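Colleague: what follows is a predicted structure for the sequence shown.
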Amino acid sequence: MLALYRKSAKVGKDAAAGQVSRRFGHYPSQTLSHMRLVQITRDRSRRVGLVNGSELRLLDARFPSVYDLAHKALADKSSLQQLVPSLGTSETLDYDSIYKGESDWRFLPAFDHPSDPAHCMVSGTGLTHKASAKNRAAMHKTVDAEATDSFRMFKLGLEGGSPAEGEIGVQPEWFYKGDGTVLKGHRSALTVPAYADDGGEEPEVAGVYFVAQDGHPYRVGYAVGNEFSDHVMEKKNYLYLAPSKLRECAIGPELTIGELAFENLTGEVSVHRGSKAVWSSQIWTGQANMSHSVRNLEHHHFKYAAHRRPGDAHVHFFGADAFSFGEGVTLEAGDLMQVSFPDLGRPLQNFLAIEEKPAKLTSVRTI
């Protein structure tokens, strides 16, 4: 079966190793047998490639998406780790040229619903990292209630966000970003729409999921993500958090499948303007650095029956440790945002685009 993590973790970099379970067995968290996949497209066709150093080995064209692979693995009562090697072909591509944008192949999001983006939910969880709570409070430093609410929410997670096996922990903050149409891939532009106030990177890891025909959710893997948001709008009033999240976002270029211990991942986020790096910061994620276990975040996302609709895809962001807006950086059109977690493959790069036209009134007609 596709791997399903059933693990709790203590907050802190010294988190104890726990048990990881799949639907039909248990595996120690130290097991790091995993592989990475990419989704690429050319001339309206798409393929899945298995990362092998500087080359991509294309998989059987009958399964042109990771979504299709997940469906096949469940139908075969197999795992993606078992299925993927059996579908390898002799076709290989130069990964470096595609990664740099020097090929006619380009990246799709690392996971999506290939035929119906309306059946892909993109969502996220905030205030899961200590730095995110500090950034939220700093953003609203003139509003005492917001600072209090932010740290209260973070503290609730510290106290009850990593429950014991079989127990339900405290509910986290949750937000909706859109359906699959907002998902972008590596080197795609993330656009600040005309009605927005701003746009800025949020470096995160996203879990991606497939809901089986019996309504059971399965985690397919993890991907590097940029949960692009409108921080100026949010700063006006923290009740604007919800609409500030309704923006494009990106995951990729690689999707890590298999047994990955999501405990303590170190990375870096940076903003480049031309050949100059205008800002960068080291970042940490993983359960040892979070106020909630992944198991708890997943429960509170999938406890809703509407989130367990058979055949649906889900992309869920786990929260950010740092972002440039929190340090006074304003992004400009053409800036390159880069998010790197080496344990999850190559860095994700996206350019900032700004819609250069005035906001247009949307009117509603009566039928």
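Modeller: Cool, got the structure.

Colleague: which regions of the stretch 151-300 of the chain lie under the pLDDT threshold?
Modeller: Applying pLDDT under 70 to the stretch 151-300 of the chain flags no residue at all.

Colleague: cutoff 90 now
Modeller: For the stretch 151-300 of the chain, the stretches with pLDDT under 90 are 151-155, 237-238, 258-261.

Colleague: that one: helices as residue ranges?
Modeller: Applying DSSP state H, counting those that start in this stretch to the stretch 151-300 of the chain gives helices spanning 231-236, 241-244, 294-302.

Colleague: what helices and strands are in contact with the shortest one?
Modeller: Pointing back at helix 241-244 there. strand 175-179, helix 231-236 (3 or more CB pairs under 8 Å, 6 or more residues apart in numbering; DSSP states H and E). All C-beta spots, glycine's among them, are computed from the backbone N, C-alpha and C.

Colleague: with the last one instead?
Modeller: When contacts are defined as 3+ CB pairs under 8 Å, 6+ apart, helix 294-302 sits against strand 203-211, strand 217-226, strand 313-317.

Colleague: any chance of TSV for those, columns mean neighbour count and distance to Asp43?
Modeller: Listed next are the helices and strands packed on helix 294-302 as TSV, based on neighbours: other CB atoms under 10 Å; distance: least, CB to CB, whole Å:
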stretch	mean neighbour count	distance to Asp43
strand 203-211	26	26
strand 217-226	26	25
strand 313-317	27	24
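
Colleague: out of these, which is closest to Ser79?
Modeller: strand 217-226 (10.3 Å; CB to CB).

Colleague: adjacent strands (with direction) for that closest one?
Modeller: Taking DSSP bridges as the criterion, strand 217-226 forms sheet pairs with strand 203-211 (antiparallel), strand 249-258 (antiparallel).

Colleague: before we move on, the earlier item: looking at the helices and strands packed on helix 241-244, which is buried most?
Modeller: Of all the helices and strands packed on helix 241-244, helix 231-236 has the most neighbours on average by mean count of other CB atoms under 10 Å, namely a mean of 19.

Colleague: on that earlier part again, between the helices and strands packed on helix 294-302, which gets nearest to Lys77?
Modeller: Closest to Lys77 of the helices and strands packed on helix 294-302, according to CB to CB: strand 217-226, at 12.4 Å.

Colleague: now the closest one against helix 294-302, angle please.
Modeller: 100 degrees (axes from the mean of the first three to the mean of the last three CA atoms, to 10 degrees).

Colleague: and the angle for strand 217-226 with strand 313-317?
Modeller: Using the same axes, to 10 degrees: strand 217-226 against strand 313-317 is 50 degrees.

Colleague: off-centre distance for strand 217-226?
Modeller: Relative to its chain's centre, strand 217-226 lies at 6 Å (CA atoms, centre = their mean, to the nearest Å).

Colleague: where along the stretch 251-367 of the chain do the strands fall?
Modeller: 265-273, 276-285, 313-317, 336-340, 348-354 (DSSP state E, counting those that start in this stretch).

Colleague: hey, which of these is tucked in deepest?
Modeller: Comparing those by mean count of other CB under 10 Å gives strand 313-317 as most buried, with a mean of 27.

Colleague: and the contacts of that strand?
Modeller: Contact with strand 313-317 is made by 67, 109, 111-113, 119-125, 177, 180, 183, 202, 204-211, 217, 225, 227, 249, 251, 297-298, 301, 307, as judged by CB atoms under 8 Å, 6 or more residues apart in numbering.

Colleague: swap the cut-off to 7 Å and go again
Modeller: Outside strand 313-317, the residues that touch it by CB atoms under 7 Å, 6 or more residues apart in numbering are 67, 111-113, 119-125, 180, 183, 204, 206-210, 225, 227, 251, 301.

Colleague: before we move on, what about stretch 171-181?
Modeller: 112-113, 117-118, 120-128, 153, 157, 161, 241-242, 245-246, 249, 292, 297, 300, 313.

Colleague: try stretch 358-367
Modeller: For stretch 358-367, the external contacting residues (CB under 7 Å, 6+ apart) are 194-195.

Colleague: that older thread, just so I know, which of the helices and strands packed on helix 294-302 lies nearest Tyr195?
Modeller: Among those, the nearest to Tyr195 by CB to CB is strand 217-226 (20.5 Å).
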